[in-house]
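>>> Here is my input; please provide its structure:
(one chain, ligands or ions: 1)
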Amino acid sequence: MASTAPKIGKELTFLCSWFCPFAQRTYIALLEKKLKFNYHEVSLRNPQTGLWYPLTEKPKWFTDLNPLGKVPTLAYESEAEPQLHTVYESLICNEFLEDLATNEEQPALLPPHPAVKARARIIMDHFNTQFVPLFYRILVRQDKQQQDEVGKELIAQCKWLEDNIDSNGPYFMGEQFSLVDCAIVPWFVRGYIMEHFRGIHLPPNDCSKLSKWMEAAMKRPSVTASFKPPEEGASYKDKLLEHYIRYADGTANSTSAAAFK
Ligand SMILES: N[C@@H](CCC(=O)N[C@@H](CS)C(=O)NCC(=O)O)C(=O)O
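Residues are numbered from 1 along each chain as shown. So this is what the prediction gives:
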């Protein structure tokens, strides 16, 4: 695996792969929190073959930080005593950032009311367990009839989002941008990929609240700043499209492709 080990210090180190929607969730939260962090790109795919490195081929420094060998991963040394802390799993990383950095200067990204906060978590959990698998499944399945069935489920999930989005907006939970927006927006950033490979327009035309939400979320500076192409000057959208070819032709061997088949 080509990635080099980062030097972990008191400042947060953010292990990311430019194409990863899970890591993008955390990238957006880090930017929203105006936290200082060291971005460290991890190479998850072999550039020669385009295949994902299996866990056994990932460097020890990486699996020491995250035994799952995945991004996002956050690592830092605490101020008080020299102890290494690591955090992984995107939604947990984002909750960690919320706990770490919510004060006068760093905005809360979860609503203050316990029941509304719980609702935000229900929405994130639902999106993660219901929508995300379908996004991969429709790409990796090669049978047209199966794709059509998964496509219908994906549209039904968009309707679920439409029914659960705050009516006044502009963001998912209302006026304030939140961890719910961070959790959902990376898959809508990739909406054109779904259209390109499977002819499904995200959000569907009859989801007007979701379309308005997407428009607002896509303009958010933290979101646009998270569009990081692999090479300076390259088009993020074009490179992402290239990245998803291996999902769409059924040859991706990533853990997501396997898990959501
Ligand atoms: N459940 C994890 C999923 C993270 C994930 O699957 N990341 C991918 C990149 S998009 C990864 O690191 N894959 C490594 C692999 O497939 O070997 C999360 O929410 O953080």
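>>> what's the burial count for Gly233?
Other residues near Gly233 come to 5 when the count uses other Cβ atoms under 10 Å. Just so you know, the C-beta spots here come from the backbone N, C-alpha and C atoms, and that holds for glycine as well.
>>> actually Pro59, not the one I typed
By other Cβ under 10 Å, 15 other residues sit near Pro59.
>>> Does it touch Ser3 like I think?
Yes - taking contacts as Cβ atoms under 8 Å, Pro59 lies within contact range of Ser3: 6.9 Å.
>>> Show me the helices in this structure, by range?
According to DSSP state H, the chain carries its helices in the segments 21-32, 60-65, 90-100, 114-126, 132-140, 144-164, 179-189, 191-198, 208-219, 221-225, 236-248, 255-259.
>>> Hmm, Ser78 and Ile8 touching each other?
No - with contact defined as Cβ under 8 Å, Ile8 does not reach Ser78; the gap is 11.1 Å.
>>> Which one's more surrounded, those two?
Between Ile8 and Ser78, Ile8 has the larger neighbour count (other Cβ under 10 Å), namely 18 against 10.
>>> quick one, what contacts the more buried one?
Taking Cβ atoms under 8 Å, 6 or more residues apart in numbering as the criterion, Ile8 is in contact with 65, 75-77, 84.
>>> Closest to the ligand out of these?
Nearest to the ligand among the contacts of Ile8: Leu65, at 12.1 Å, using Cβ to the nearest ligand atom.
>>> hang on, isn't that closest one packed against His85?
No - using Cβ under 8 Å, Leu65 is not in contact with His85; the gap is 10.0 Å.
>>> Which neighbours do these two have in common?
In the contact map built from Cβ under 8 Å, 6+ apart, the residues linked to both Leu65 and His85 are Ala75.
>>> Tell me which of the two has more neighbours.
Counted by other Cβ under 10 Å, Leu65 and His85 do not tie: Leu65 has more neighbours, with 21 against 13.
>>> for the ligand, what are the nearby residues on the stretch 151-261 of the chain?
Counting by Cβ under 6 Å from any ligand atom, the residues of the stretch 151-261 of the chain close to the ligand are 254-256.
>>> who wins for neighbours among the residues you listed?
Top of those by neighbour count (other Cβ under 10 Å): Ser256, with 21 neighbours.
>>> Counting neighbours, what do you get for the closest residue to it other than its chain neighbours?
Using Cβ to Cβ, 6 or more residues apart in numbering and skipping the chain neighbours, the partner closest in space to Ser256 is Tyr136 (5.2 Å). Tyr136 has 20 neighbouring residues, counting by other Cβ under 10 Å.
>>> List the contacts of Tyr136.
Neighbouring residues of Tyr136 by Cβ under 8 Å, 6+ apart: 247, 256-257, 259-260.
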